[in-house]
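Peer 1: Pasted the sequence and its predicted model underneath.
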Amino acid sequence: MHSVFFDQASIDAWIAEDAPLLDLTTHLLAVGAAHARIEWRVRGPSVAACTEEAARVVQTCGGHVEQIVASGSALVDGDLLLSATGAASGLLRAWKVAQNLLEYACGVAHATQRMVQAVQAADPRVAVLTTRKHAPGLRRIALKATLAGGAFPHRLGVGETVLVFGQHRALLEAGWQGLAARLDRVAPALAEKHCVIEAHSLEEALQAASAGADVVQFDKATPQQLRAWCPPLRAQHPALGILAAGGIRPDNAADYAATGVDALVTSSLHHAPPADVSVRVARAGR
């Protein structure tokens, strides 16, 4: 899975953050010149993610990658993620950078897979979409990990889609009427874009649809509310897309999927527990 682009500057920055000048332990023990082999394996079931980027970390540090499991692959306890050989100094420099990357990415991918499976069991027509709500600097890793688990991105950046929040409406004069007038005025510019408008109630959703929304995104509505709101909303606006966002987690995603919405928008997957990745280093014959 190479659909997410990581430039070499990002790989270099990860390595420099952890080992910018010297590996003091390796230097003091005088083991850096040894020819070694390193391998990363999962403890417990998981889903591979960002293994390709972990391999690039190893290669940048001078290691030779021997085996790699592709992102998106299902894993069982003890499965190999990545192995490499080379000078111990380089492999040890790559060790924790690659391990930390794999633990975060595989943990997110596994949590994503579980949520996607639960949602599809409830309604196979409902998609799981992940947000841009994560710590700065994590976007590419979080995106690749959630894609590996079977989700899709909701919005990768503010320039990608039109998404009107209440914070935007608060700055417009004349409220909903002002929003409708503005969207009508710029309609030609939106010929290739969908307009998504956030709503917190059925009344707001109806106002959003009347104002020109192609999609309504309900924020922090309960499953009970959505089950009551979706039928009348669809009856009046059959072509309208309906999203549920806010508070959607692995333990309640199936309940939300059964409400009649088209997709679930979640940030919770970015905060999944990390996978447990073991690392073994040993001398290797040439």
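Peer 2: Structure's in. What do you need?

Peer 1: Quick check: phi and psi on residue 153?
Peer 2: phi -70, psi 140 (degrees, to the nearest 10).

Peer 1: can you give me how far the longest helix belonging to the chain is from the chain middle?
Peer 2: Longest helix of the chain, by residue count under DSSP state H: helix 88-122. Offset of helix 88-122 from its chain centre (C-alpha atoms, centre = their mean, to the nearest Å): 11 Å.

Peer 1: The very next helix or strand once past that helix pairs with which strands, and in what direction?
Peer 2: As assigned by DSSP states H and E, the chain's next helix or strand after helix 88-122 is strand 127-130. Applying DSSP bridges to the sheet, strand 127-130 is found paired with strand 152-153 (parallel), strand 263-266 (parallel).

Peer 1: how about the CA coordinates for strand 127-130, as PDB?
Peer 2: Extracted in PDB, the C-alpha atoms of strand 127-130 (Å, rounded to 0.1, in the frame of the first residue of the first chain):
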ATOM      1  CA  ALA A 127     -18.700   3.900   5.500                       C
ATOM      2  CA  VAL A 128     -16.200   4.700   8.200                       C
ATOM      3  CA  LEU A 129     -14.500   8.100   7.600                       C
ATOM      4  CA  THR A 130     -11.600   9.400   9.700                       C
END
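
Peer 1: Look up which helix or strand residue 70 falls in, please.
Peer 2: Residue 70 belongs to no helix or strand, assigned by DSSP H and E.

Peer 1: Please name the residues that touch residue 166.
Peer 2: Going by C-beta atoms under 8 Å, 6 or more residues apart in numbering, residue 166 touches 198, 200. Backbone N, C-alpha and C define where each C-beta goes, glycine included.

Peer 1: Could you measure from residue 87 over to residue 184?
Peer 2: Residue 87 sits 65 Å away from residue 184, going by C-beta to C-beta, to the nearest Å.

Peer 1: typo on my end, it should be residue 249
Peer 2: 38 Å.

Peer 1: who has more neighbours, those two?
Peer 2: residue 249 (14 against 10; other C-beta atoms under 10 Å).

Peer 1: neighbours of the closest residue to the more buried one other than its chain neighbours, just the number please.
Peer 2: Nearest non-adjacent residue to residue 249, counting by C-beta to C-beta, 6 or more residues apart in numbering: residue 268, 4.6 Å away. Residues lying near residue 268 (other C-beta under 10 Å) number 19.

Peer 1: just checking, residue 268 touches residue 245?
Peer 2: No: the criterion here is C-beta atoms under 8 Å, and residue 268 misses it with residue 245 at 11.0 Å.

Peer 1: Tell me how far stretch 153-166 lies from the chain's centre.
Peer 2: Distance, centroid of stretch 153-166 to centroid of chain: 15 Å (C-alpha atoms, centre = their mean).

Peer 1: which of the residues in that stretch are buried?
Peer 2: Neighbour counts over stretch 153-166 (16 or more other C-beta atoms under 10 Å) mark 153-155, 162-164 as buried.

Peer 1: Now for these: which two are most distant?
Peer 2: 153 and 164 (18.8 Å; C-beta to C-beta).

Peer 1: quick revisit: who wins for proximity to residue 145 among the strands paired with strand 127-130?
Peer 2: That would be strand 152-153 among the strands paired with strand 127-130, by C-beta to C-beta, at 11.5 Å.

Peer 1: can you list contacts of the closest one?
Peer 2: Residues contacting strand 152-153 (C-beta under 8 Å, 6+ apart): 127-130, 143, 146-147.

Peer 1: Could I get the full set of strands for the stretch 101-250 of the chain?
Peer 2: Here the stretch 101-250 of the chain has its strands, by DSSP state E, counting those that start in this stretch, at 127-130, 152-153, 162-164, 195-199, 215-219, 241-245.
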